[in-house]
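the amino acid sequence is not available; the structure is as follows:
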């Protein structure tokens, strides 16, 4: 019987080339190889899967709440990871 790899959720804020702001959770392997957000962003996958995502438009207006969202890495300008002591995320 094989066990499911342990993964950790990381809350991120993504700014896209279209000036959208997307907040959501990414699931990253816990410990070992590819355990950092930077490793996850630099892997060979074209898309990043987000859960519990919220999308805001250029005017800050809420556009959508999605339980799952896939973001093309080519559309990403900036990624900020939420820290527990960070005040960037209200």
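Thanks, I have it. Fair warning: this is a prediction, and the values are worked out from it, not measured in the lab. Residues are numbered from 1 along each chain as shown.

in this protein, which spans are helices?
Along the chain, the segments classed as helices by DSSP state H run 37-41.

where does it have its least confident helix or strand?
The weakest-scoring helix or strand in the chain, judged by mean pLDDT, DSSP states H and E, is helix 37-41 (a mean of 86).

contact partners of that one?
For helix 37-41, the external contacting residues (CB atoms under 8 Å, 6 or more residues apart in numbering) are 10, 12, 26, 28, 33-34, 48, 73, 79, 81. To be clear about C-beta, it is placed using only N, CA and C from the backbone, and glycine gets the same treatment.

buried ones among those?
By neighbour count, with 16 or more other CB atoms under 10 Å, those hold 10, 12, 26, 28, 48, 79, 81 as buried.

what about residue 13, how many residues nearby?
17 (other CB atoms under 10 Å).

which pLDDT value does the model give the residue lying closest to it once chain neighbours are set aside?
Excluding the flanking residues, the one nearest residue 13 by CB to CB, 6 or more residues apart in numbering is residue 80, at 4.5 Å. With respect to pLDDT, residue 80 scores 94.
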